[in-house]
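Peer 1: quick one, fold the following:
(2 chains, ligands or ions: 1)
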Amino acid sequence: MMERTHKDHAQLSDVFNEDEPRVNWHDETLWWVRQKRDRAAHGIPEFELLRETASQIKNNVLSNLSDYLVQFEANALANGIIVHWAANAAEHNRIVHSILEKHDVKRIVKSKSMLTEECHLNEYLGGQGISVVDSDLGELIVQLAKEPPSHIVLPCIHKKKEEIGEIFHRHLGTEKGMSDPQVLTETARQHLRETFLTRRIALTGVNFAIAETGEFVVCTNEGNADMGAHLSDVHIASMGIEKLIPKRKHLGVFLRLLTRSATGQPVTTYSSHFKTPRKGQEMHIILVDNGRSAQLGRKEFRNSLKCIRCGACMNTCPVYRRSGGHSYHNAIAGPIGAILAPNLDMKEYADLPFASTLCGSCSNVCPVKIDIHDQLYKWRQVIVQEGYAATVKSVSMKAMAFTLSSPALYRFAGKSGRLFLKYAPFAVSNQMNPWYKQREMPEPPAESFGEWYKKNRN
Amino acid sequence: MNGELVLMNNERRTMDNQAKNVNLGDSKKMTVGLFIPCYVDQFYPNAGIATLQLLEKLGVDVHYPAGQTCCGQPMANSGFEHLTHGCNDLFIKNFSGYDYIVAPSGSCVLHVKDHLHSGQEEDKALSVRGKIYELIEFLTDVLKVENLEARFPHKVGLHQSCHGQRGLKLSQMTELVAPGFSKPGYLLNMVKDLELVPLDRMDECCGFGGTFCVAEEAVSVKMGKDRVEDHLKHGAEFITAADMSCLMHMEGILRRKKSGVKVMHIAEILNAG
Ligand code: SF4
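Peer 2: Now for the predicted structure:
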């Protein structure tokens, strides 16, 4: 639908939908996660109040971001943490690299961090001859498969366990045909143990950073962030500047919401606080902007920065469930990815805000109450105004607008063999009529309502 | 005739009082402009006729302004809101004279409520936005209907169209931790011999989505097939909704698979028998 030759959500979804049983499996797997989320949410009566509170705390953060950042930096420095500022992905990657160079380290262990995905850190470091091992089980699987994650919380949710067995067989030497999750997990553990023991630098993401105390919190279920950080000489934590919360007392609100929304658990297995480096350890924090200030300046889109990356909007999204994470061709998939990505590159991601029916389920599950589907609508207007919609579509839209703003033309179009069909919403890009491929057209009745009314009521 | 009617008062509270008069048989004071969305007009006139007859049966003074076309939603949802001025002005011209505007389509009503603007007459646009109602909410909230003379001896699956449900709040949404309610369900329960079938996914989108249905053909169709399957699995003979566009999409899928199950706008069921 867009005038572009590169990746496009509709085309990628087309391919994903060639295997219908697989689409069913993907849909049902994620729907199951959504149902777990519902049960967890309904388990606490004050859930909606929590969402509202979280939303207000984050609104406050966004309105005072610069102050909180300065406060956080001062407190982190006082705690003995080394603080870096990165304006964009390239700067972030260079900072990481310079720390590795300083310590003459060629191999690092990383726990899951969507920010490093966003910055394409693995590829960058790979190019510098540095090997990165992802220590999160799901991340490890997609890393071995040489694929990007398809989901921000469940990176390999698009892989069936048999496929994971095959990857392990090829890369980690498990028996062919072995797909018992327990065996696979144990194999990964053994593999990672060696990694944890031999890597001197560990990189983690950050879920929350507390301005008041200068500490940061990392939430994982596997404890791999702790393993990495505690066994290494140097701990690097990368965080987007929007991860701040004002005070430690606010943390409870977010910890209660995060995993209930993400996977339906009451809380993550490990919520680890990092405040000061242990004796002899070096601790770095990289504060990354990478488009966030620009987003903050877009009045209608700024509150997308409230996102705590729980993934609930993906699990509930009926489009995501049936198109897969890779169809969004962006580090962050699903509805939230579709409102964040155009901020970074409007042309490249012009298709994403259109990959939605605007059903609104995403906004309803979002624990920080981002008006996701309204922002999708607004991005559409911006993208069209900026000239990124295909010409062919613009022309038929103009024809339609013209017909519909003139009653006489409209009646004529209707009467003359229901020419209206040509301009109907579902037949606009009418080259091969995509409606008809798998659906019958409505049968034109003998007379329109308008004609009936004229005969029967006037 | 349209446009000349004097807008008595566009304050909702006052109008609610007027609405109560309707039930007392004093319908003279209130006029309703009937908005029949373009695709309903062209393809599903029966849904429009049922809406009109139902309102007339309930003693409402309904008029259908002849010069109407479309609310502009198909363009706006595709990112072409800036092309909708012509539609908007026409809409305001046709409807600003009525006390209420009623339409049998949740998504068109939501669009008007949220996005109708006017270059010259923004006050009129605002007034139109405040007095447009989707048929179901008009019946339950303004007319406060308590019983209906309707009979429909069939098993019916109720599709919650997203714009009506999540946009206009016609029903509670499964995502929220809040007490349940369903305005269309409430009305369907008044219909004699009608059996509502349960669904596995109470409020999943059908995948129509305006131009989404052609721009994202594969996902749209897959969503539609899955939605239809849920109704079939539970033995529905009819799938109904307050939005004909969802039904048009599901009908296309049902007919392609040569299913005997039919779609029917909720107005036709509430007006049946
Ligand atoms: S937008 Fe909301 S629901 Fe989606 S990942 Fe972010 S916090 Fe979670």
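
Peer 1: and residue A:185, how many neighbours?
Peer 2: Using other C-beta atoms under 10 Å in any protein chain shown, residue A:185 has 12 neighbouring residues. In this view, the C-beta of every residue, glycine as well, is placed from N, C-alpha and C.

Peer 1: quick one: secondary structure of it?
Peer 2: helix (DSSP: H, G, I helix; E, B strand; the rest coil).

Peer 1: do you know the pLDDT at it?
Peer 2: pLDDT for residue A:185: 90.

Peer 1: was I right to think it contacts residue A:137?
Peer 2: Yes. Judged on C-beta atoms under 8 Å, residue A:185 makes contact with residue A:137 at a distance of 6.6 Å.

Peer 1: does stretch A:344-361 come close to the ligand?
Peer 2: No. Stretch A:344-361 stays out of contact with the ligand when judged by C-beta under 6 Å from any ligand atom, the minimum separation being 10.2 Å.

Peer 1: any bit of that stretch sitting next to chain B?
Peer 2: Yes. With C-beta under 8 Å from any C-beta of the partner chain as the criterion, chain B is reached by stretch A:344-361 at A:353-361.

Peer 1: any figure for the gap between residue A:212 and chain B?
Peer 2: According to C-beta to the nearest C-beta, to the nearest Å, residue A:212 and chain B sit 30 Å apart.

Peer 1: quick check: that residue touching residue A:244?
Peer 2: No. Residue A:212 lies out of contact with residue A:244 (C-beta under 8 Å); the separation is 10.0 Å.

Peer 1: between those two, who's got more neighbours?
Peer 2: Per other C-beta under 10 Å, whichever of residue A:212 and residue A:244 has more neighbours is residue A:244, with 24 against 15.

Peer 1: okay, and the beta partners of the more buried one?
Peer 2: residue A:209 (DSSP bridges).

Peer 1: confirm that residue A:236 sits in a helix.
Peer 2: No. Read with three-state DSSP, residue A:236 is strand and lies in no helix.

Peer 1: gap between residue A:252 and residue A:217?
Peer 2: Going from residue A:252 to residue A:217 by C-beta to C-beta, to the nearest Å gives 11 Å.

Peer 1: those two - which one has more neighbours?
Peer 2: Between residue A:252 and residue A:217, counted using other C-beta under 10 Å, residue A:217 has the larger neighbour count: 21 against 11.

Peer 1: which SS class is the more buried one?
Peer 2: strand.

Peer 1: what's near enough to touch it?
Peer 2: A:206-210, A:251, A:271-274 (C-beta atoms under 8 Å, 6 or more residues apart in numbering or on different chains).

Peer 1: just the CA coordinates for stretch A:189-197, please, in PDB.
Peer 2: The C-alpha trace of stretch A:189-197 is given here as PDB (Å, rounded to 0.1, in the frame of the first residue of the first chain):
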ATOM      1  CA  ARG A 189      22.100 -23.400  31.500                       C
ATOM      2  CA  GLN A 190      25.200 -25.500  31.200                       C
ATOM      3  CA  HIS A 191      26.200 -23.600  28.100                       C
ATOM      4  CA  LEU A 192      25.700 -20.200  29.800                       C
ATOM      5  CA  ARG A 193      27.400 -21.300  33.000                       C
ATOM      6  CA  GLU A 194      30.700 -21.400  31.200                       C
ATOM      7  CA  THR A 195      29.900 -18.000  29.600                       C
ATOM      8  CA  PHE A 196      29.100 -16.400  33.000                       C
ATOM      9  CA  LEU A 197      32.300 -17.700  34.500                       C
END
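
Peer 1: and it, how far out from the chain middle?
Peer 2: A distance of 28 Å separates the centroid of the chain from that of stretch A:189-197, by C-alpha atoms, centre = their mean, to the nearest Å.

Peer 1: now swap in stretch A:84-99 and tell me
Peer 2: Worked out by C-alpha atoms, centre = their mean, stretch A:84-99 lies 22 Å from the chain centre.

Peer 1: go on, stretch B:88-100?
Peer 2: Its chain's C-alpha centre lies 18 Å from the corresponding centre of stretch B:88-100 when counted by C-alpha atoms, centre = their mean.

Peer 1: and if you look at stretch A:270-282?
Peer 2: 28 Å.

Peer 1: thought residue A:50 was touching residue A:253?
Peer 2: Yes. Using C-beta under 8 Å, residue A:50 is in contact with residue A:253, at 6.0 Å.

Peer 1: residue 72: neighbour count?
Peer 2: All of this is about chain A. 28.

Peer 1: try chain B instead
Peer 2: Residue B:72 - counted by other C-beta under 10 Å - has 28 other residues nearby.

Peer 1: break the chain down into its structural domains.
Peer 2: Using chain A. A:1-39+A:303-389, A:44-290, A:393-456 (automatic domain parsing).

Peer 1: actually it's chain B I care about, not the one you picked
Peer 2: Using automatic domain parsing, chain B is parsed into the domains B:2-142, B:155-270.

Peer 1: just flag whichever of the ones you listed has the lowest average confidence.
Peer 2: Among those, domain B:2-142 scores lowest, with a mean of 78.

Peer 1: say whether chain A is contacted by that one.
Peer 2: Yes. Using C-beta under 8 Å from any C-beta, we find that domain B:2-142 touches chain A at B:36, B:38-46, B:48-49, B:52, B:64, B:66-70, B:72, B:74-87, B:89-90.

Peer 1: now those residues: which count as buried?
Peer 2: In those, burial by neighbour count holds for B:36, B:38-46, B:48-49, B:52, B:64, B:67-70, B:72, B:74-81, B:83-84, B:86-87, B:89-90, counting by 16 or more other C-beta atoms under 10 Å in any protein chain shown.

Peer 1: so of these, which ones are in helices?
Peer 2: Those of those mapping onto helices are B:38-43, B:45-46, B:48-49, B:52, B:74-75, B:86-87, B:89-90, per DSSP state H.

Peer 1: so how many other residues sit close to residue 263?
Peer 2: By default, I'm working from chain A. Residue A:263: 19 neighbours (other C-beta under 10 Å).

Peer 1: not quite, go with chain B.
Peer 2: Neighbour tally, residue B:263, other C-beta under 10 Å: 25.

Peer 1: so it: helix, strand or coil?
Peer 2: Residue B:263 ends up strand, using three-state DSSP.

Peer 1: which residues of the stretch 301-450 of chain A fall in helices?
Peer 2: With helices called from DSSP state H, counting those that start in this stretch, the stretch 301-450 of chain A shows them at A:312-316, A:318-323, A:334-344, A:361-365, A:372-385, A:391-404, A:407-415, A:420-423, A:434-438, A:449-457.

Peer 1: now swap in the stretch 101-250 of chain B and tell me
Peer 2: B:106-115, B:122-131, B:135-137, B:162, B:183-188, B:212-215, B:217-233, B:244-256.

Peer 1: reformat the ones you listed as a markdown table; add mean neighbour count and distance to the ligand.
Peer 2: Putting those into a markdown table (neighbours: other C-beta atoms under 10 Å in any protein chain shown; distance: least, C-beta to the nearest ligand atom, whole Å) gives the following:
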| stretch | mean neighbour count | distance to the ligand |
| --- | --- | --- |
| helix B:106-115 | 24 | 21 |
| helix B:122-131 | 17 | 28 |
| helix B:135-137 | 25 | 28 |
| helix B:162 | 27 | 17 |
| helix B:183-188 | 21 | 27 |
| helix B:212-215 | 26 | 20 |
| helix B:217-233 | 23 | 19 |
| helix B:244-256 | 25 | 25 |
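
Peer 1: can I get those in JSON lines including distance to residue A:457?
Peer 2: Shown next, in JSON lines, are the helices of the stretch 101-250 of chain B (distance: least, C-beta to C-beta, whole Å):
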{"stretch": "helix B:106-115", "distance to residue A:457": "21"}
{"stretch": "helix B:122-131", "distance to residue A:457": "22"}
{"stretch": "helix B:135-137", "distance to residue A:457": "18"}
{"stretch": "helix B:162", "distance to residue A:457": "33"}
{"stretch": "helix B:183-188", "distance to residue A:457": "24"}
{"stretch": "helix B:212-215", "distance to residue A:457": "33"}
{"stretch": "helix B:217-233", "distance to residue A:457": "34"}
{"stretch": "helix B:244-256", "distance to residue A:457": "21"}
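
Peer 1: many thanks, have a good one.
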